[in-house]
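Undergrad: Provide a 3D model corresponding to the input given below.
(2 chains)
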Amino acid sequence: MVNQTVVNVVSSIVARYRGERRYLMRMLQEIQSRYGYLPRRALEELAKLTGIPLSEVLNVATFYHQFKLEPPGYYIILVCMGTACHLKGNLDNYEAMKRFLGLGKYENTAKDGTVSVEKARCFGACSLAPVVMVISRDGKERYLHGHVTIRDARRIVAKYRSLALKKIKGGGS
Amino acid sequence: MTWTLMDKCCNRCWHSPEYPCRHYIRCRLSGPLCHEDVECRVRRSRRLKEIRYGRHGFKINVPLASCTIAAGAHEVYEAVVKEVKSRGILADIHRTGCMGMCYIDPWIELSKKGMPSAIYANVKPSDVPRIIKEYLEGDVSSAFALRNRTGNAKGEDKVPLLDELEPWRNQVRWVSRNCGIVDPESIEEYIALGGYRGLDRALNMRPEEVIEEIRKSGLRGRGGAGFPTWLKWKIAREQPGDVKYIIMNADEGDPGAFMNRLLAESDPHRVLEGMIIAAYAIGASKGFIFVRAEKPLMAERLSKAVEQARKYGLLGDNILGRGFSFDVEVILSAGAFVCGEETALIAAIEGRTRPRQRPPYPATRGLWGKPTIINNVETLAHVATIMAEGWEKFAKYGTEKTKGTKMFCVTGSVKRTGAYEVPVGTTIEKLVVEIAGGPPEGRKIKAVQIGGPSGGCVPASLLSTPIDYETLQKAGAIMGSGGIVVIDDHSCMVDVAKFFTSFTVAESCGKCFPCRIGMKILYDILEKITNGEGSEEDLEVLEELGNVIRSSSLCALGGTAPNPVLSTLRYFKDEYLAHVRSKRCPAKVCTKLVEYWINPDKCTGCGTCARNCPSKAISGELGKPHVIDKSKCIHCGQCYIVCPVGAVEKR
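TA: The predicted structure follows:
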């Protein structure tokens, strides 16, 4: 009955914003904060309830960076790709993390669903460059690591991976 | 609940959002105005003193903004709370914003009556007990800087005054004056420091007079293009119709620029005040704050400011009894760099995507087809300050064509990363070397990238260029929102150009093909060059294609996207030539053009590199130095990345 709850969630969100087009971004943000990403089923339901064509919903959902169409890991490791961080080697950190997790070019989430590694836009913490931010899927936890070296990069991945494993096993998520 | 300046002094005060008093703002500080009562007057001055020195004459400022929190300010705050409690001392622990000197984050400031106000830099939670102990014993010798001297404290003469420090002395803190001083979540403190006086003054003038005041000040939009603010307002004002909108662009997306976040997090009421003034000037009754969801603290502080302003009748119907009604809605942006473009920003608020052709400009046809003004955070903060201080004080600074001050974020290869406010026309050198301290020892400035992905690189030989819109344009860069990234000799200019190009390729909305396809081709050519497969012909194509994209793109994103490539081509042709002719990367950044070798003196023989080498080019016995077989090496750089002791070197 998973789909039934998706219907309930989406319809209550749509009702709150009266299904108005101008709140499309807001409605998508609420769906994402509920699921951690935008499930296809929820988008279809949103389109049906608001009368906004699904193609238009997908247009907005794929255009803005905040939206994810795939479920992320328990922890999302955001590697800043701002200018200062790039010059100080954050791309190497990113590559090292992906390699550590054995991820291919277009893969971002570890197979066990513990962590995702993503490139991110500037956090505005350039004085700590290169910077890596880790957030939990539900947005409740937020950690920042500054002056990250390649060795730190691997430690960070290992740390959050084992943390996530504990939480998933402990009935979290 | 303690009585605050915002509350009624006694029952004779009748101000409320429903029945607003015209003199509410002025009355907060110099009141009571409508009646005479010594007690009411004393009450105000006592509260003002409390705000200034704390309720117990001892105040500890801890900055809580995204940047300082990232550096550990929350933990420091908790340590301060704990220490104050365990010592049983009476002190106000006071939250402030960031003062822009990121390199000393997190800092704390202790001020006690009779003692100099002392700032401590790079504080760790474990330092807090010692700092408080020393300060209370009258010893400030370990402070980073003092705000003032009293002659009472030990070690005072050894610590410099804040005003004597290079990064502070050379600034003009006009719009950032409250940053690091005021509590960003308190409207009362903002008003105690003279806030909302500008709004009060503006509402006493006709809207045309407000526009005239801004015209005289010479303020130009601080978001990038530098369009005169008054002219934009005038156009919108003159449009027929009752419904007009104002949008605050707080969707800062330029990598390496964070002055808007800093301002909105540290002094949000100033920005909001500017927005209300702008709304009054153009006749808008509804405003939107468009702020990135990825910057949650900025959104939270702006939302709080809106709530507080509404509570005391500075937003809503009949503001301060002047018959002007205006309210604000905060919109969380899901984030796209192209939203810095006005029509794309409007599309985002309407629930759509992508920019459109201009004209018509938003000032005539904008949000939902109505005249709309979009001003960025810093511009609006300037508006509030100009209206409070008068245009003359603002116009005193700057160059003939561009008046006033501008905030710049200096990052990259400098000793003192930070956001600094200087008069427009200050030279790049002064900003980067004197204020930000120049590159670390042993490094040399090669170039300065100004204006982010839309800007360009200015070579070290042009460091004496004054920063304003026109001179930078001539040099091939733009002022942009004011992000300055210092590039030293360890960075490759082709790689830098490729970095910015990859940014714009990812951010191109895809609507018009010069930007969508052209930028991708530019990127592919740069990729080819950094892989050592480029030819001199490619350089010609880069230049020609760059110019085509610049002149034929639909919006300013595409129109400026080739700037990083064109400016590096112009000033650093030799580096491009080294890549294509001798297949060499002079800065040893482009991995394909670098030779890796293992330094036998450092190698511990752990074998990590050999296990990670995808082409099995590394061999050696465990515990003994390894070697790379050049004929098998594919230059992927993995060994360099994985080596735990840094024995893999580039040459």
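Undergrad: what ranges of chain A fall below the confidence cut-off?
TA: Scanning chain A with the threshold set as pLDDT under 70 gives A:1-3, A:124, A:171-173.
Undergrad: Give me the domain ranges for it.
TA: A:2-63, A:75-169 (automatic domain parsing).
Undergrad: from the middle of its chain, how far away would the shortest one be?
TA: It stands for domain A:2-63. Domain A:2-63 has its C-alpha centroid displaced from the chain centroid by 17 Å (Cα atoms, centre = their mean, to the nearest Å).
Undergrad: on that earlier part again, got TSV for the domains of chain A, with distance to B:Thr604 too?
TA: To be clear about C-beta, it is placed using only N, CA and C from the backbone, and glycine gets the same treatment. Shown next, in TSV, are the domains of chain A (distance: least, Cβ to Cβ, whole Å):
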stretch	distance to B:Thr604
domain A:2-63	42
domain A:75-169	14
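Undergrad: can you give me the helices for chain A?
TA: Along chain A, counting by DSSP state H, helices occupy A:2-16, A:24-35, A:40-50, A:54-63, A:83-87, A:90-101, A:150-169.
Undergrad: so what secondary structure elements neighbour the first one?
TA: It stands for helix A:2-16. The contact analysis (3 or more Cβ pairs under 8 Å, 6 or more residues apart in numbering or on different chains; DSSP states H and E) places helix A:2-16 against helix A:24-35, helix A:40-50.
Undergrad: can you check the longest one too?
TA: Contacts defined by 3+ Cβ pairs under 8 Å, 6+ apart place helix A:150-169 against strand A:75-80, helix A:90-101, strand A:115-120, strand A:132-136.
Undergrad: Kindly report the same for the second one.
TA: In terms of contact count using 3+ Cβ pairs under 8 Å, 6+ apart, helix A:24-35 is assigned the packing partners helix A:2-16, helix A:40-50, helix A:54-63, strand B:327-333.
Undergrad: Recalculate using a threshold of 10 Å.
TA: With contacts taken as 3 or more Cβ pairs under 10 Å, 6 or more residues apart in numbering or on different chains; DSSP states H and E, helix A:24-35 sits against helix A:2-16, helix A:40-50, helix A:54-63, strand B:327-333, helix B:342-349.
Undergrad: Quick one, which of those gets closest to B:Asp524.
TA: Ranking the helices and strands packed on helix A:24-35 by proximity to B:Asp524 (Cβ to Cβ) places helix A:54-63 first, at 22.9 Å.
Undergrad: what about the closest residue to chain A within the stretch 1-150 of chain B, how many neighbours?
TA: Going by Cβ to the nearest Cβ, chain A is nearest to B:Cys102 of the stretch 1-150 of chain B, at 3.2 Å. The number of residues packed near B:Cys102 is 26, by other Cβ atoms under 10 Å in any protein chain shown.
Undergrad: ok, the closest residue in space to it that isn't next to it in sequence - contacts?
TA: Nearest non-adjacent residue to B:Cys102, counting by Cβ to Cβ, 6 or more residues apart in numbering or on different chains: A:Ser127, 3.2 Å away. If you count contacts by Cβ atoms under 10 Å, 6 or more residues apart in numbering or on different chains, A:Ser127 has them with A:84, A:146-147, B:67-68, B:70-71, B:101-105, B:258, B:409-411, B:414, B:416-419.
Undergrad: thinking again about what came up before, give me whichever of the helices and strands packed on helix A:2-16 is most buried.
TA: helix A:24-35 (a mean of 20; mean count of other Cβ atoms under 10 Å in any protein chain shown).
Undergrad: residues making contact with the helix or strand hosting B:Ile641?
TA: Applying DSSP states H and E as the criterion places B:Ile641 in helix B:638-642. Applying Cβ under 10 Å, 6+ apart, the external contacts of helix B:638-642 come out as A:89, A:92-93, A:95-96, A:99-100, A:150-151, A:153-154, B:591, B:594, B:596-598, B:606, B:608-615, B:617-618, B:626, B:628, B:633, B:646-650.
Undergrad: Tell me the buried residues in it?
TA: B:638-642 (16 or more other Cβ atoms under 10 Å in any protein chain shown).
Undergrad: Centre of the chain to that helix, how far?
TA: For helix B:638-642, the distance to the chain centre is 35 Å (Cα atoms, centre = their mean).
Undergrad: Keeping just the C-alphas, turn it into PDB.
TA: The C-alpha trace of helix B:638-642 is given here as PDB (Å, rounded to 0.1, in the frame of the first residue of the first chain):
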ATOM      1  CA  GLN B 638      45.500   7.400  -8.800                       C
ATOM      2  CA  CYS B 639      48.900   6.600  -7.200                       C
ATOM      3  CA  TYR B 640      49.400  10.300  -6.400                       C
ATOM      4  CA  ILE B 641      45.900  10.300  -4.700                       C
ATOM      5  CA  VAL B 642      46.200   7.100  -2.800                       C
END
